[in-house]
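K.L.:
what follows is a predicted protein model with its sequence.
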Amino acid sequence: MKKVTVPNKYIKGLISLAMILLMFMVFVPSSPVLAAPAINLIPSAGAVGTVVTINGTVFDSYKGDNVHIFFDTTEIENSPLTVPVQGAFSIDFTIPASANAGQHWIEVRSETTSSSMLAKNYFTVEATTLTLATPEGGVGTSVNIAGSGFYVNKPVTLYFMNITKDELGTTMASSTGKFTHQFVVPVSTAGFHKIIASNDMGNSAEIQFKVLPKLKLNLDSAGSGDLVSASGTGFASRTTVSIIFGAQDIASTQTDDLGNFKIDFSVPSVKPYSYNVRAQDNQGNTDIVKFTVTAGATLSETIGYTGSELTINGSGFLPGATIYIYYDNNRITSALADNNGDFTATFIVPPGGGKHIITVYDGSTTKKYNFALDKSPPPMPTLLLPNNNSLTIAEANFDWSDVTDNSTPVTYSLQIASDQNFGSLVLSKTGIRESHYTLTKDEILSADFNKAPYYWKIKAIDGADNESEWTSPWVFYVSVPSVPILDLPLPDAKVELPIHFSWQSTASLSLPLTYNLQIATNPDFTSLILNKTGLTLAEYLASEKDDLKLENKTTYYWRVKAIDGVGNSSDWSTTGSFGFIAAAGFPSWAIYILITFGGLIALLLAFRAGRRTAYH
């Protein structure tokens, strides 16, 4: 076989041609190396609602082109914009209320796809926080609270979490998202309570405040036997509170739901001196006040019967003085004080019902004491809960003051009506032995009266069937859950499976709270494709398992309502809408791989063609 010799000049030409083709494949798709576009943010951090100036520079290669600006995945208002001839631009943007605390990307894209990103920078949304100038105190304490990170120039409402959600007031956040507010600690139980600050833009924060127990006496000094009124706030709910005078446990009572109590006690027969008076409940909450004992006397009983014997013991009076005892305005007996100023006197209670005043007088000091015969009805109770013109749960808890009467036991009658004249009774309950009553499940009040009130009143009946007057009626309303506010998907957003639905949690007094989510093909919701009930969270992820049968480029409608633990439901939320798009088909990375393989095959074919030409 004859060997064919290819001239060197042809070989060099073929090699040059192959090199040119290789460089063409490698370098033609690439753009010239230029300075990269950039954006800077002023400011780069702040609360939601902050106005941010986005400054773009080095956009010379895009003069006259439209660029799209995104906050996270959402294109901002006034985007796209046209890059001016200077290759730089500036645009203002307000941080939305839906932005969570933390870093968020602001991107400039040549198209709306994330793969067309030209420049980006991040903005830090400051978290909402609260601080207290005073972290603890008693009921009635004035407290200053400060907040930051809230939507700028928007009102912020403060709540004190108690048995009910007590509103502390509303204040305005500054242009930097800060505020200060002063409030008075509401009536509440001992221990830690959440203080929550929130606004209509979805911002919220909380902090804890410790309520301390406080004891108050209507007198700071009195004599033995004198009647003293003690009241307390900030103790444990529904527990026994003991009054300890010096070392003597002299009285006890029960706190109400909010840790309040009131009780009258007689100063014990002790020597004139300064004593500690302590109130202490079964959970260890305690407070102490100072009390000075002066001259005084004690009665063997404060409620008796006609003809019964009543004994008076006194101390601290003038030594050796004659002590005169008066029953109302009539002198009834006398006694002689010893060298220590002590005396004892006894007399028979004269006829006559009702209340009486017993006066002890030594020529210098006068002391008066209450005495009553058991012929009068018991005192009228005082209504406590539900508060007048307040909201309560369907299984309402009714609370009123204890009534003390010598003719035990004391029972109570409760009436609830739908009119203030009690012509339409909803419930009439008699023989209640405690000063509170919780409706049973069979007695749950209907929420049909959400816009109309219920009325309630109480009277006391002692063991001798003496009845007090009915209290003046108080009015209350049965609470229903508030209407949920929709968050995601945003109105008319384009989504694909899985679809994340979320809404703002609602408030309810009757827990547990659940939600009902509906999706329909029409805004009247007559054609439902999903009806999800019993949702315990304020969100739902709809996926293929829900068998939604969504059609591409079709608009759907959704709404949510809340249902409380006794079946009362809120109104439906506003109607949200979204468009469905099917997931993209062939992935971009696969396209790039095919292009690369195609280039390599073309290069190989060119090389083989060159060799064949050289051979021939």
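P.N.:
Received the coordinates, thanks.
K.L.:
was I right about Phe179 contacting Gly169?
P.N.:
No - in this structure Phe179 lies outside contact range of Gly169 using C-beta atoms under 8 Å: 10.8 Å. No exception for glycine: its C-beta is placed from N, CA and C like everyone else's.
K.L.:
is it true that Ala205 touches Ile196?
P.N.:
Yes - the criterion here is C-beta under 8 Å, and Ala205 meets it with Ile196 at 7.4 Å.
K.L.:
so which of the two has more stuff around it?
P.N.:
Ala205 (19 against 16; other C-beta atoms under 10 Å).
K.L.:
and Phe179 and Gly169? Which one has more around it.
P.N.:
Phe179 (22 against 13).
K.L.:
got the phi and psi for the more buried one?
P.N.:
Backbone torsions for Phe179, taken as degrees, to the nearest 10, come to phi -160, psi 160.
K.L.:
where's it relative to Ile195, distance?
P.N.:
Using C-beta to C-beta, to the nearest Å, we find Phe179 at a distance of 13 Å from Ile195.
K.L.:
Thr134 contacts Val143, doesn't it?
P.N.:
Yes - with contact defined as C-beta under 8 Å, Thr134 reaches Val143; the gap is 5.0 Å.
K.L.:
neighbour count: those two, which is higher?
P.N.:
Val143 (19 against 13).
K.L.:
helix or strand: which one has the more buried one?
P.N.:
Assigned by DSSP states H and E, Val143 belongs to strand 142-148.
K.L.:
packing partners of that strand?
P.N.:
With contacts defined as 3 or more C-beta pairs under 8 Å, 6 or more residues apart in numbering; DSSP states H and E, the packing partners of strand 142-148 are strand 129-132, strand 179-184, strand 191-198, strand 204-211.
K.L.:
switch to 10 Å and redo it
P.N.:
strand 129-132, strand 155-161, strand 165-172, strand 179-184, strand 191-198, strand 204-211 (3 or more C-beta pairs under 10 Å, 6 or more residues apart in numbering; DSSP states H and E).
K.L.:
for the closest residue in space to Lys210 that isn't next to it in sequence, give its distance to Ala190.
P.N.:
The shortest distance from Lys210 to any non-neighbouring residue, by C-beta to C-beta, 6 or more residues apart in numbering, is to Glu136 (3.8 Å). From Glu136 across to Ala190, the span is 10 Å (C-beta to C-beta).
K.L.:
likewise Asp342?
P.N.:
Relative to Ala190, and taking C-beta to C-beta, Asp342 is found at 40 Å.
K.L.:
list the contacts of the closest residue to Phe183 other than its chain neighbours.
P.N.:
Among residues not flanking Phe183 along the chain, Leu168 sits closest, at 4.2 Å (C-beta to C-beta, 6+ apart). Taking C-beta atoms under 10 Å, 6 or more residues apart in numbering as the criterion, Leu168 is in contact with 143, 145, 157-160, 181-186, 195-197.
K.L.:
out of these, which are buried?
P.N.:
Among the contacts of Leu168, those classed as buried by neighbour count (16 or more other C-beta atoms under 10 Å) are 143, 145, 157-160, 181, 183, 185-186, 195-197.
K.L.:
what's the most distant pair in the residues you listed?
P.N.:
Within the buried ones among the contacts of Leu168, two members stand farthest from each other by C-beta to C-beta: Thr157 and Val185, at 17.2 Å.
K.L.:
and Ile54, that's in a strand?
P.N.:
Yes - residue state for Ile54 (DSSP: H, G, I helix; E, B strand; the rest coil) corresponds to a strand.
K.L.:
thinking again about what came up before, what do Phe179 and Gly169 both touch?
P.N.:
Ile145, Val156, Leu158.
K.L.:
quick one: which of those is nearest to Gly225?
P.N.:
Nearest to Gly225 among these, with distances taken as C-beta to C-beta, is Ile145, at 46.3 Å.
K.L.:
didn't that closest one look like it was pressed against Phe179?
P.N.:
Yes - taking C-beta atoms under 10 Å as the definition, Ile145 is a contact partner of Phe179 at 8.7 Å.
K.L.:
which residues do those two both contact?
P.N.:
Common neighbours of Ile145 and Phe179, using C-beta under 10 Å, 6+ apart, are Leu130, Leu158, Thr171, Ala197.
K.L.:
max pairwise distance over those residues: which two?
P.N.:
Maximum distance among the shared contacts of Ile145 and Phe179 (C-beta to C-beta): 12.1 Å, for Leu130 and Thr171.
K.L.:
more crowded one of the two?
P.N.:
Between Leu130 and Thr171, counting by other C-beta under 10 Å, Leu130 is the more crowded of the two (22 against 19).
K.L.:
residues in contact with that one?
P.N.:
Contacts of Leu130 (C-beta under 10 Å, 6+ apart): 145-150, 156, 158, 179, 181, 195-197, 204-208.
K.L.:
for it, give the beta-bridge partners.
P.N.:
Beta-bridge partners for Leu130, by DSSP bridges, are Gly147.
K.L.:
ok, Ser418 - contacts?
P.N.:
Ser424, Leu425, Val426, Leu445, Ser446, Asp448, Phe449, Ala452, Pro453, Tyr454, Tyr455.
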